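**Q** My questions are about this predicted structure, shown below with the sequence.
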Amino acid sequence: MEKSCTLLVHFDKGTPALANEIKEALEGNDVEAKIEALKKAIMLLLNGDTIPQLFITIIRYVLPSEDHTVQKLLLLYLEIIDKTDSKGKVLPEMILICQNLRNNLQSPNEYIRGVTLRFLCRLNESEIIEPLIPSILANLEHRHPFVRRNAVSAIMYVYKLPQGEQLLVDAPEIIDRFLASEQDPSSKRNAFLMLFNCAQDRAVSYLFTHIDRIIDWGEQLQMVVLELIRKVCRVNKGEKGKYIKIIISLLNAQSSAVVYECANTLVSLSSAPTAIRAAANTYCQLLLSQSDNNVKLIVLDRINELKTSHREILVELVMDVLRALSSPNLDIRRKTLDIVLDLITPGNIDEVVMMLKKEVVKTQSGELEKNGEYRQMLVQAIYSCAVKFPEVASTVVHPLMDFLGDTNVASAMDVAIFVREIIETNPRLRVSIITRLLDTFYQIRTSRVCTYALWIMGEYCLSLSEVESGIATIKQCLGELPFYTASEESEAQDVSKNSKVVNSATVSSRRPVILADGTYATQSAALETAMSAPVLVQGSLASVGNLRSLILSGDFFLESVVACTLTKLVLRLEEVQPSKVEVNKATTQSLLIMVSMLQLGQSSVLPHPIDNDSQDRIVLCIRLLCNKGEEVKRIWLQSCRESFVKMLEDKKHREIEESRAMAQISNAQPDDLIDFYHLKSRKGMSQLELEDEVQDDLKRATGEFVKDGDDKNKLNRILQLTGFSDPVYAEAYVTVNHYDIVLDVTVINRTKETLQNLCLELATMGDLKLVERPQNYTLAPESTKQIKANIKVSSTETGVIFGNIVYETSSNVLERTVIVLNDIHIDIMDYISPSSCADVQFRTMWAEFEWENKVAVSTVIKDEKEFLNHIVKATNMKCLTPPSAMEGECGVLAANLYAKSVFGEDALVNVSVEKQADGKLSGYIRIRSKTQGIALSLGDKITLKQKGGP
């Protein structure tokens with residue numbers, strides 16, 4: 001069993017030293033050999049070897065040495081050897097080291113004095129320390145601050161010993177006098193810390209005596225002052241008003257660390273608007289003045305926490321927070337935008353949008369590598385602003401449309417989606433958006449953005465001039481027809497024969513991708529390259545453009561979208577164009593384009609033929625244009641728009657429901673005391689103290705005071721570790737705090753004997769790590785002991801904690817009893833939380849993530865939606881598929897779920913189920929993640945929970 005120790009040194013077990021070799025080296029006169037021998041002896045001791053025969057050798061040959069390194073190592077050796085016997089009494093030979101320690105404390109060298117005083121801080125044996133008390137006190141008056149600083153520390157630790165108050169009766173008074181005359185900052189800090197820990201009243205008295213000079217104290221002392229204020233205010237809340245004034249004065253300190261701690265302390269102690277405003281201003285100043293990105297991220301986290309409880313104050317500082325966008329780090333920019341978007345109000349929306357537009361313009365001129373990604377974040381932020389406040393849409397939509405031709409596909413797609421929604425929700429902007437879109441359409445170079453732009457043109461070109469311009473634009477971007485002449489096709493076939501190997505590799509390069517509904521499809525590599533960047537091949541016209549080059553690269557889905565857009569435009573032209581000749585002319589031109597696209601799809605020049613879906617779609621459009629009817633017009637010109645409007649309404653409804661669900665409602669208890677502001681006694685109270693008391697009363701009245709967790713929830717987390725019939729009963733209360741787990745273990749001695757050297761030994765499996773070594777305890781008959789164990793967590797994975805309790809009985813010290821504990825399983829659900837992401841982002845991550853866990857559906861639940869809700873609840877994930885997409889009864893359901901872990905890991909789940917003829921559900925649940933742990937752990941959780949039923 002390992003014992004607790006204050007020293008930790010790496011030990012190479014491959015080269016163990018022999019005790020005889022160490023003894024010979026210690027007895028010699030070579031100082032370097034003695035140093036090496038002492039190091040080896042210390043390492044052996046740290047790893048469990050007692051080597052008692054070396055003690056007398058060290059006393060005889062090492063103790064008299066005057067070498068500083070030897071003396072330092074000697075103190076480390078004395079620190080870790082056993083100084084007491086099995087009964088806890090000091091060994092008689094320890095008296096030999098007392099004289100040496102006294103000599104060191106009176107040494108002319110300040111280093112020897114300082115390290116010896118520091119060594120005394122780690123001694124627990126009062127019999128050894130008692131003779132040294134006069135020498136320790138004498139060092140308080142030494143000329144060197146290094147000695148005085150360590151002397152104060154030694155006095156503090158001696159005073160904190162079980163018999164410390166008898167050894168140093170007047171220690172607080174001595175340190176109080178020392179503090180009054182001391183000038184060295186570090187010595188003053190240690191002295192104040194001693195009073196803070198051992199005589200709090202004296203520390204408070206000193207603080208208020210020198211309240212005017214606090215701002216001039218050193219950084220270390222100011223930090224201890226803040227710690228004292230936090231401790232005092234927790235115990236005595238009635239006096240916190242006068243302490244808050246001290247904190248506000250420290251906000252002007254030179255040290256950034258002190259200023260940051262002041263702001264944290266203010267937020268934790270007070271809810272007064274003046275105090276919160278001062279803390280928020282401090283955070284904003286730190287955000288701009290600090291260059292370290294980690295510091296900026298921490299400060300942004302604090303601002304985010306402040307936002308939840310004091311949003312109205314942070315709204316005033318939104319522009320100061322926005323200045324953090326000047327940092328080139330994307331994580332800082334992302335977090336800043338997330339905070340700002342929650343602080344937008346009608347009063348500051350114009351300023352915020354203007355700032356965001358300036359940042360978008362900067363991304364065009366800069367040469368930074370991440371500009372495209374940053375531009376995408378800005379576009380999404382502006383989009384959110386325009387959705388919340390439609391009146392600003394007119395100022396941002398036109399500048400953003402310049403980025404439809406952006407080389408960053410994700411950014412250009414966000415702009416297209418934004419334009420599509422704005423043109424529906426802001427009818428007065430329709431004409432200007434359509435005009436701008438027709439002017440800039442030729443700049444669009446990516447297939448996905450082209451499909452969005454074509455859909456907008458087909459739905460919102462309403463007037464005669466707009467419809468004609470739309471048809472003309474598409475014709476211009478497609479170029480001359482046919483796409484290939486007979487001679488060009490034969491030449492291309494010759495070229496294709498020469499590059500047959502390359503083509504065959506391209507055709508065979510297929511891999512599954514996930515569609516919007518969660519199902520799988522096969523996508524060729526040629527199509528992927530077409531989506532990422534256009535490739536100009538033979539027959540394309542570089543001058544005309546985008547549609548021709550994209551279609552010639554094999555993008556048949558884009559062909560079908562072009563056909564649908566032309567069909568809508570021709571049908572609308574028939575309504576607005578009085579001349580039948582012009583309508584027929586446009587119809588024949590559109591039919592020619594569609595037939596040419598079908599011909600291209602059957603051509604042997606392209607690496608793969610047209611897919612059935614796209615061919616059927618184009619053929620349908622040809623039939624519709626040949627056989628126009630009123631019902632057809634209604635479906636194509638009205639129903640499509642109605643479906644889009646319904647989708648927007650459904651999205652808005654879901655956002656409202658989510659915001660309502662996130663709102664926390666606190667209720668006051670019926671018997672809570674409520675004070676009234678106007679009936680308060682204001683005698684001797686400053687405005688800040690009055691504000692603070694009023695805010696406390698409001699919190700008490702609305703039930704917002706932080707309460708302990710729900711008792712029922714606590715009981716659920718208590719785990720029984722041993723049986724009721726075991727001589728020692730143990731149970732643990734498990735608290736999970738993101739990056740660490742705290743086990744609060746209650747151990748009860750159920751016997752009539754005293755249990756000695758009782759130790760709780762724990763071990764872990766998975767990405768869990770014990771922080772501290774176990775300690776030994778003595779347990780009286782039928783007594784109870786609370787033992788805390790801290791465990792660090794490094795990844796989202798189901799971990800297991802196991803171990804045993806070892807003890808000796810007073811009747812038989814030589815025999816050790818071992819009780820094996822029940823395993824503690826750490827649930828993955830404690831680390832993941834529901835989160836949202838866009839469909840495009842979900843599919844991108846799904847394609848990138850390496851680890852997949854496939855779980856077959858096996859459940860007694862008969863309804864698909866009920867099964868999906870059961871899985872969502874069991875996995876603590878969010879369903880990204882909207883409820884409207886799952887309406888109706890068809891016997892098939894596909895949905896995507898998403899969650900994020902506290903470590904920033906993404907968890908993706910796709911549920912695909914089908915109802916069989918016998919009424920049972922079948923299908924698969926696929927889990928994907930970047931790391932193996934989260935995929936396996938979620939799979940185990942789903943396998944365990946998916947059965948459902950009563």
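**A** Perfect, thanks for sending it.

**Q** What would stretch 806-822 look like as PDB? C-alpha coordinates only.
**A** Taking Å, rounded to 0.1, in the frame of the first residue of the first chain, the C-alpha atoms of stretch 806-822 are listed here in PDB:
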ATOM      1  CA  VAL A 806      -7.800  -2.400   3.300                       C
ATOM      2  CA  TYR A 807      -7.400  -2.200   7.100                       C
ATOM      3  CA  GLU A 808      -5.800  -3.700  10.200                       C
ATOM      4  CA  THR A 809      -7.600  -4.500  13.500                       C
ATOM      5  CA  SER A 810      -6.200  -3.500  16.800                       C
ATOM      6  CA  SER A 811      -6.300  -7.100  18.000                       C
ATOM      7  CA  ASN A 812      -4.200  -8.400  15.100                       C
ATOM      8  CA  VAL A 813      -2.000  -5.700  13.600                       C
ATOM      9  CA  LEU A 814      -0.100  -8.200  11.400                       C
ATOM     10  CA  GLU A 815      -3.200  -9.400   9.500                       C
ATOM     11  CA  ARG A 816      -4.700  -7.100   6.900                       C
ATOM     12  CA  THR A 817      -8.300  -7.400   5.800                       C
ATOM     13  CA  VAL A 818      -9.400  -6.600   2.200                       C
ATOM     14  CA  ILE A 819     -13.000  -5.800   1.200                       C
ATOM     15  CA  VAL A 820     -13.600  -5.600  -2.500                       C
ATOM     16  CA  LEU A 821     -15.800  -2.700  -3.600                       C
ATOM     17  CA  ASN A 822     -18.600  -2.700  -6.200                       C
END
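
**Q** Now it: buried residues?
**A** Residues 806-808, 817, 819, 821-822 are the ones in stretch 806-822 that count as buried (16 or more other Cβ atoms under 10 Å). Every C-beta, even on glycine, is put in place using the N, C-alpha and C of the backbone.

**Q** So which bits of the helix or strand Leu625 falls within are buried?
**A** Mapping Leu625 onto the secondary structure by DSSP states H and E places it in helix 612-626. Residues 614-615, 617-618, 621-622, 624-625 are the ones in helix 612-626 that count as buried (16+ other Cβ under 10 Å).

**Q** Any stretches of the stretch 651-800 of the chain with poor pLDDT?
**A** 661-716, 738, 773, 795-798 (pLDDT under 70).

**Q** Check the nearest residue to Pro185 once chain neighbours are set aside and give its pLDDT.
**A** Counting by Cβ to Cβ, 6 or more residues apart in numbering, the nearest residue to Pro185 once its immediate chain neighbours are dropped is Gly218, at 3.2 Å. Per-residue confidence for Gly218 comes out at a pLDDT of 85.

**Q** what's the neighbour count on Gly218?
**A** One way to gauge burial is a neighbour count; for Gly218, by other Cβ atoms under 10 Å, it gives 16.

**Q** repeat for Glu575
**A** Using other Cβ under 10 Å, Glu575 is surrounded by 12 other residues.

**Q** so where does it fall, helix or strand?
**A** Taking DSSP H and E as the definition, Glu575 sits inside helix 556-576.

**Q** thinking Met194 is in contact with Ala151, fair?
**A** No. With the criterion set as Cβ atoms under 8 Å, Met194 and Ala151 do not qualify as a contacting pair; they are 10.6 Å apart.

**Q** Tell me where the stretch 751-900 of the chain has strands.
**A** For the stretch 751-900 of the chain, the strands defined by DSSP state E, counting those that start in this stretch occupy 755-765, 768-770, 776-779, 784-793, 799-809, 816-820, 824-826, 832-834, 851-856, 878-879, 892-901.

**Q** can you put these in CSV and add distance to Asn348?
**A** Rendered in CSV, the data for those read as follows (distance: least, Cβ to Cβ, whole Å):
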stretch, distance to Asn348
strand 755-765, 50
strand 768-770, 46
strand 776-779, 59
strand 784-793, 40
strand 799-809, 46
strand 816-820, 62
strand 824-826, 44
strand 832-834, 30
strand 851-856, 44
strand 878-879, 30
strand 892-901, 29
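
**Q** Give me the distance between stretch 24-39 and the centre of its chain.
**A** With Cα atoms, centre = their mean, to the nearest Å as the basis, the distance from the averaged C-alpha position of stretch 24-39 to the chain average is 52 Å.

**Q** Show residues contacting that stretch.
**A** 21-22, 41, 54, 57-58, 61-62, 65, 67, 69-70, 73-74, 77 (Cβ atoms under 8 Å, 6 or more residues apart in numbering).

**Q** So which of these sit within helices?
**A** 21-22, 41, 54, 57-58, 61, 69-70, 73-74, 77 (DSSP state H).

**Q** In these, find the pair that's most separated.
**A** Comparing every pair within the ones in helices among the contacts of stretch 24-39 by Cβ to Cβ identifies Glu21 and Thr69 as the most remote, at 19.7 Å.

**Q** For those two, indicate the residue with more neighbours.
**A** Higher neighbour count among Glu21 and Thr69: Thr69, with 14 against 11, using other Cβ under 10 Å.

**Q** contacting residues for the more buried one?
**A** 31, 35.

**Q** Give me the distance between it and Phe557.
**A** Going from Thr69 to Phe557 by Cβ to Cβ, to the nearest Å gives 76 Å.

**Q** Equivalent analysis for Val909, please.
**A** In this structure, Val909 and Phe557 are 27 Å apart, going by Cβ to Cβ.

**Q** Tell me the residue in this structure that is farthest from the middle.
**A** Val581 (64.0 Å; Cα atoms, centre = their mean).

**Q** Am I right that that one is in a strand?
**A** No. Inclusion of Val581 in a strand is not indicated when DSSP: H, G, I helix; E, B strand; the rest coil is applied; the result is helix.

**Q** Ser289 versus that one, what's the distance?
**A** Separation of Val581 from Ser289 (Cβ to Cβ): 72 Å.

**Q** quick one: pLDDT of Val581?
**A** Note on Val581: pLDDT of 92.

**Q** what ranges do the helices span in the stretch 151-300 of the chain?
**A** Residue ranges of the helices in the stretch 151-300 of the chain, as given by DSSP state H, counting those that start in this stretch, are 164-167, 171-181, 185-198, 200-209, 219-235, 240-250, 256-269, 273-289, 293-309.
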